[in-house]
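Undergrad: next input, structure requested:
(chains A and B)
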Amino acid sequence: MFAEITVTAAEPLSSSLEAQARAWFGPLAPVHVALERTQLAKLGEKALSIAFAKVMSTHVILVSRAAVNAFSAYVELGNVPPDVKRLKAVAEAAADRLVECLAAHGHRATSLEIGINAEGILLQFGRKHTWAQRLVASARKEIPGRLSVPVATFVASIWFDTDVRRGAVNALAALAGVLVWLVVSVTLEGRGYRYE
Amino acid sequence: MSKRFTVEAGFFEDIAAGLEGELGPAYDVIRRPRFERWMDLAEPADLAVRDRESGQITLIAIKVGVTEDNHLPMLGTMAEMWRLKERNAHLQPAVVLVSAAIVFDTLEQWLSVRDIPVIRGRTSGEIVPRLAEVIMAGAVAHR
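TA: Just a heads-up that it's a prediction; the model follows:
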């Protein structure tokens, strides 16, 4: 079981960023030592072009450049039983560190994904969204259901020509109420990862 | 499975059935070939295709994503494809990766160097013709 983190920035990342990212992960281990503790051991250090590696008592992190604008980090638990919760916690911490590193060097992460994989199957996929992305996602999910009754009432009032003004006011009030509720709930729900 | 799953239900079976139609009776399409004892697979693939004439075997790994724009894991996929190719080396298989998720350029280059073509697509209609082409080209080269 392993997790793979993908942090993508809007613009190409500077080539020196890998060296700078090392500082954010504290004491590092030689790549070949870290590789030996993972399922990737047989692939060989040179084949994978890993930028740096960190070995902890419970897990190993391998960070590599996936694209000109993206970092990829591989996280595998070692010497402990497979545990999705622990793997997620370790992967999220590593992902947050990568994002902090990018931000400190003037890059903005536009996408942050964590895939939890086992036996070649993607078990869970987590993504951290910005406030605006969460607002849009919540609006798409909530607005149709919450506005269906007021809008239907408004349409019926036009259809039967009965108190159209009241129907319009009701629909607008419902829309305003839903928007305020969405802003409050999205702001309060925190910036954690959402897994599917 | 999530309702935002990137591919339609039956994606895997559609690819298998599409390949059968595209390749014709000269090829065997084997679903979940780990259960085929005669193949002696050391590492299972999602699909296998055998050219009856030359005996060439093509092992196919099919990867899907959860959302439309998520990436295929880079190091994890490298490890998996390497295992598929190396552990089954006694069969001298051609190996193909089919992905419905985005594939990083670095990963695609890494696979290309190891003669593992990548076919990207989200519907069987996009994938099957290109996959059949790759399989037939491999079988011709093997003869």
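
Undergrad: can we go C-alpha only for contacts and neighbour counts from here?
TA: Will do.

Undergrad: so who does residue 41 touch?
TA: No chain in the question, so chain A it is. Contact partners of A:Ala41, counting by C-alpha atoms under 8 Å, 6 or more residues apart in numbering or on different chains, are A:Leu35.

Undergrad: I was after chain B.
TA: By C-alpha under 8 Å, 6+ apart, the contact list for B:Leu41 reads B:33-34, B:88.

Undergrad: any idea which of these is least confident?
TA: pLDDT across these is lowest for B:Arg34, at 73.

Undergrad: can you classify that residue as helix, strand or coil?
TA: Following DSSP: H, G, I helix; E, B strand; the rest coil, we place B:Arg34 in the helix state.

Undergrad: that one against B:Ala48, yeah?
TA: No: applying C-alpha atoms under 8 Å, one finds B:Arg34 not in contact with B:Ala48, separated by 9.4 Å.

Undergrad: could you say which helix or strand contains the residue sitting nearest the centre point of chain B?
TA: By C-alpha atoms, centre = their mean, chain B has its centre lying nearest to B:Ile60, at 2.1 Å. If you go by DSSP states H and E, B:Ile60 is part of strand B:57-63.

Undergrad: and the contacts of that strand?
TA: By C-alpha under 8 Å, 6+ apart, the surrounding residues in contact with strand B:57-63 are B:12, B:45-51, B:72, B:81, B:84, B:91-101, B:135.

Undergrad: pLDDT-wise, which helix or strand of chain A ranks last?
TA: Ranked by mean pLDDT, DSSP states H and E, the weakest helix or strand in chain A is helix A:45-48, scoring a mean of 70.

Undergrad: what about B:Glu108, neighbour count?
TA: If you count neighbours by other C-alpha atoms under 10 Å in any protein chain shown, B:Glu108 ends up with 18.

Undergrad: got it, and B:Ala16?
TA: By other C-alpha under 10 Å, 21 other residues sit near B:Ala16.

Undergrad: list the contacts of it.
TA: For B:Ala16, the contact set (C-alpha under 8 Å, 6+ apart) comprises B:29, B:31, B:47.

Undergrad: just the pLDDT at residue 50, thanks.
TA: All of this refers to chain A. Looking at A:Ile50, its pLDDT reads 85.

Undergrad: meant chain B actually
TA: On the pLDDT scale, B:Arg50 is placed at 92.

Undergrad: that one bridge partners, please.
TA: Here B:Arg50 sits in beta bridges with B:Asp28, B:Ile57, as judged by DSSP bridges.

Undergrad: who's in contact with A:Leu13?
TA: Going by C-alpha under 8 Å, 6+ apart, A:Leu13 touches A:68-70, A:107.

Undergrad: which helix or strand contains it?
TA: Assigned by DSSP H and E, A:Leu13 falls within no helix or strand.

Undergrad: so for it, what's the pLDDT?
TA: 85.

Undergrad: right, and B:Leu84 touches B:Ala48 too?
TA: No: taking C-alpha under 8 Å as the definition, B:Leu84 is not a contact partner of B:Ala48, at 11.6 Å.

Undergrad: which residues touch A:Leu87?
TA: Here A:Leu87 is in contact with A:2-3, A:75-77 (C-alpha under 8 Å, 6+ apart).

Undergrad: looking at these, which are in strands?
TA: Residues of the contacts of A:Leu87 located in strands (DSSP state E): A:2-3, A:75-77.
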